[in-house]
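Colleague: quick one: sequence and predicted model below, then my questions.
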Amino acid sequence: MRKLGPPIKPIIQRILPEVNRKCFLNQTPGNSFNAFARKHKNLPSPSDLEVSKLQNLNLDLSSSYLEIFELPERDFHPKYNARKKKQENSPESITKTVVHERKAKETPTAKKSEESKLDNPTKKRGRKPKVHSLKEFTSPEEEPLEKTVDATPLKKRGRKPKKQESRSLNSIQECLSNKAVDKKKTKKNETTNAAGSKSNPKNEHSISTSENLTIDASISFEKSTTKNYESSKDELIKYIRKAHLKKRGSLLLENQMLDVKNRVDIVDNKLCDDAIERLRPSLEKYKGCDIIDLNPGVGLWSHKLHKELQPRNHILMEPHPSTYKSILDPLLESSDSTYRLVTDNGMNWTHLENVLSEEYLPHQHILDWKDPRSEQVNNTLLVTANLACNQPRRFLGFRSLGSVVIYQFLSAIRTRALFQKYGKVRMLLWINPYDARILPRNVANRKKSSLDAAVSCSHIELIIDTDETDHKKREKSLDIKRVVSVVEKMKEKGVRIPEGRETNILKAMRAGETGLEIEELSPKSLQKELQQMKEALSLGDLEKDSADDEDLDDLTIPDFLKKTPEYERMRELNRRHRRRIIKSYKLSDLADDFQKIQTLYRKSCLTKSATKVNAIKREIKESSDIFKENVAALSPNDAAELQYMCDNRRAYSQEPPCLFWDRREAEPLKSFENEFYPKKALSLLDLRPGFMPPSSQDPGYYDTLSFLTMQMCLVPAQSLNETLENLAPGARDWMLAECPSLTDPLRNGCPDLELFSARCITSEMLIEMCEAWLRWPFRLQRDELLHRLGSEAYYEQAD
């Protein structure tokens, strides 16, 4: 057994206080203790306190470190003993003994040289050994007073490591201890009265734990009052920036959707105040209700909503408590606080179902399907959530996780699941702009999700909007007309828009635009380039003629060779601009003819005189024949553009309008990127569930509704006549006989289904078609519907 020499005694005296904690083996660099001892010979002498501790332990300093820490010696292991016997008889062991005897006869100078070689060993090729500091062998309370050894690690070649803000364990503990002492002193001074009596201070909450010291200690957010909480935008941004520091280790794919670095938080007080001001009239009924808050983040929106409604229960479901709990503490620990923090992911329905219980919501009661109160609005419960993400990732065929959650919320309305089992519960959702497709602004964006929302909700409105321009737009004149009517409603109700939050279409209306200007009839990019070239020509920067004066009179040279390429480009743009204006006027005239036909259909239904009705029908037939001939004479692209204009005008003129965007009661407020962190503008969506018909209790109702919705969206621009024929053999005749709304002009229908596109169908028509399908004796069975929908959930399996 190897003995520890005298140079090792000082380090042993510093290691002994760590014996009781049994941390030595976790801090030693491998099993080579003597190698470390040879490297650190010159160490300061121990203090008297350490010597006294050493004497109290009654340990022999000459004993080995294996004996001190009660480790079994290698000689006692049977495998080691057998290996040692084999090595003793080997030729290598004999040569080692000879070399050892020669070294014993060497002079003292040779010994010194050998010792110097041991102190300064030669560098070997290969991997550099890890250099350990003295702090690894000492506790934080017993650091050495003098540092005689440079324990900085050697620099390695390769890529430089990324800089990360980190603190050592000692500095963190010192910081926390100093803060605790300061808080105790201030509390003692505050609680002392004039007579010198003191009150017991309350225990303060602390979130620093040993597991999260690397992140939570560096993200220390000072507690503040409500007043400071409202006016600390810069502090909120600084806090979130530190919370989004890159963590070590890669996340699973399903956890990347909920990663804290992918969250977008609201950090602007004025934005929240403006949103609450807009919602105040409709929130009067919800005062004193229960609030379920998913992903509150820094809690600014939660605080504003709580301050307005004063709820009896406010449940905060935050899946990142280690990041956000310290900043939510002022809300949780305030006097008479009704907040309750649940450290689970609210977008996991298993965790959400745990919250939907009597423990958290004692005032809510589950309603039966047959209970009439299940179709009434529940004003005692409100749900708000932040579904936005900084970098959207596709998930389960959807564009983002927020789209999935919105789709499931809409499904919960139809099936009365989740919190919709308490009645019709309103939802306020912060979403990304691309997730607002359930509220389309033209018929081109009316997809399956928007049809599901139209059937499930009675009202959908944007409170806050990013005002981003869509790639596909409808006629600007329709938007201007709708804004005029919306502004009149706002004046009647006394609703105003704060300065700086006007949308672009509202600014255009106030500037006197009508949408019928020539500038609106051709692409803006073409007009911009043409205007720049005309200005350059007037200033003399663009040359017109490229030939000499003599060549200009030569009739053998073509005219296009006498002009510069820039001038020819300007002439081409001018021709394209004129052709586009002529084409726009032509298509607009054809769209006016289509609108005239729809007006005649409504007029024929309102006229009681038989002679007048016959005259109107003859006029309708003549007008429709001429319209169809004109459409057939157009190119396919022009015909598609004309149909798009006609469908937008039909959706606009329906009563009520086909699009929820045209039903809005007020213009949305514009949001900006600097009001969120990371800088990404969001929208606030107001969802109010609608009432389900009695036929919705049929087991196959929602499967049929999904099937019909899918068929309408397969080819949206297709005529409704062709779409009904593709449902099933004989389905068209049955639907026309059982669904009078399809051909009733007063109910937004059209007798000529060739002039009615599938994307213009209303929610009332869809519900009526679903009920008629369930009455049809030759309808497709449920398993066949599920097969066409791509589902195998209800297929019968063989025994």
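Modeller: Looks like it came in fine.
Colleague: residues in contact with stretch 694-714?
Modeller: Identification of contacts with stretch 694-714 by Cβ atoms under 8 Å, 6 or more residues apart in numbering yields 369, 414-415, 447-448, 451-452, 455, 723, 726-727, 758-759, 761, 766-767, 769-771, 773-774, 782, 785-786, 788-789. For glycine as for every other residue, the C-beta is placed from the backbone atoms N, C-alpha and C.
Colleague: can you select the buried ones from the residues you listed in PyMOL?
Modeller: Remark: buried members of the contacts of stretch 694-714, expressed as a PyMOL selection using 16 or more other Cβ atoms under 10 Å:
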select buried, resi 414+447+448+451+452+455+723+727+758+759+761+766+767+769+770+771+773+785+786
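Colleague: can I see the domain layout of this protein?
Modeller: Here the domain parsing of the chain from automatic domain parsing is 6-71+106-121+130-137, 237-467, 524-633, 707-789.
Colleague: looking at the residue nearest to P311 when sequence neighbours are not counted now. What's its pLDDT?
Modeller: Nearest non-adjacent residue to P311, counting by Cβ to Cβ, 6 or more residues apart in numbering: I291, 4.7 Å away. pLDDT for I291: 93.
Colleague: which SS class is I291?
Modeller: Put simply, I291 is strand when judged by DSSP: H, G, I helix; E, B strand; the rest coil.
Colleague: go on, D686?
Modeller: Following three-state DSSP, the label given to D686 is strand.
Colleague: which residues touch it?
Modeller: Each residue near D686 by Cβ under 8 Å, 6+ apart is listed here: 279, 426-428, 459-463.
Colleague: 7 Å instead, please
Modeller: D686 makes contact with 428, 461, 463, according to Cβ atoms under 7 Å, 6 or more residues apart in numbering.
Colleague: save those as CSV, and put in distance to E513 too.
Modeller: As requested, these are arranged in CSV below (distance: Cβ to Cβ, whole Å):
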residue, distance to E513
L428, 33
E461, 24
I463, 25
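Colleague: and those residues, which is closest to I438?
Modeller: E461 (11.5 Å; Cβ to Cβ).
Colleague: please identify which helix or strand holds the closest residue to L451 other than its chain neighbours.
Modeller: Nearest residue to L451, sequence neighbours excluded (Cβ to Cβ, 6+ apart): T709, at 4.9 Å. According to DSSP states H and E, T709 maps onto helix 701-714.
Colleague: pull out the buried residues from that helix.
Modeller: Residues of helix 701-714 classed as buried: 701-709, 711-713 (neighbour count, 16+ other Cβ under 10 Å).
Colleague: and for stretch 607-619?
Modeller: I616.
Colleague: need the residues that contact it.
Modeller: Contacts for stretch 607-619 (Cβ under 7 Å, 6+ apart): 600, 603-604.
Colleague: how about stretch 494-507?
Modeller: With Cβ under 7 Å, 6+ apart, stretch 494-507 has contacts from 274, 465, 467, 479, 483, 666-670.
Colleague: mind doing that once more with 6 Å?
Modeller: Applying Cβ atoms under 6 Å, 6 or more residues apart in numbering, the external contacts of stretch 494-507 come out as 274, 467, 479, 483, 666-667, 669-670.
Colleague: ditto for stretch 630-647
Modeller: 443, 587, 590-591, 594, 757, 760.
Colleague: can you give me the strands for the stretch 651-799 of the chain?
Modeller: Along the stretch 651-799 of the chain, counting by DSSP state E, counting those that start in this stretch, strands occupy 669-670, 676-677, 683-689.
Colleague: closest one of the buried residues of helix 701-714 to E318?
Modeller: The closest of the buried residues of helix 701-714 to E318 turns out to be Y702 (Cβ to Cβ; 32.6 Å).
Colleague: which stretches of the stretch 451-600 of the chain have low pLDDT?
Modeller: The stretch 451-600 of the chain contains residues with pLDDT under 70 at 470-471, 518-522, 524, 541-542, 545-562.
Colleague: between the helix or strand I464 falls within and strand 683-689, how big is the angle?
Modeller: In the assignment (DSSP H and E), I464 maps to strand 457-465. Computed by axes from the mean of the first three to the mean of the last three Cα atoms, to 10 degrees, the angle separating strand 457-465 from strand 683-689 equals 170 degrees.
Colleague: what's in contact with the helix or strand following strand 457-465?
Modeller: Counting by DSSP H and E, the next helix or strand C-terminal to strand 457-465 is helix 476-493. Helix 476-493 has contacts (Cβ under 6 Å, 6+ apart) with 505-506, 509, 514-516, 520, 652, 662, 665-667.
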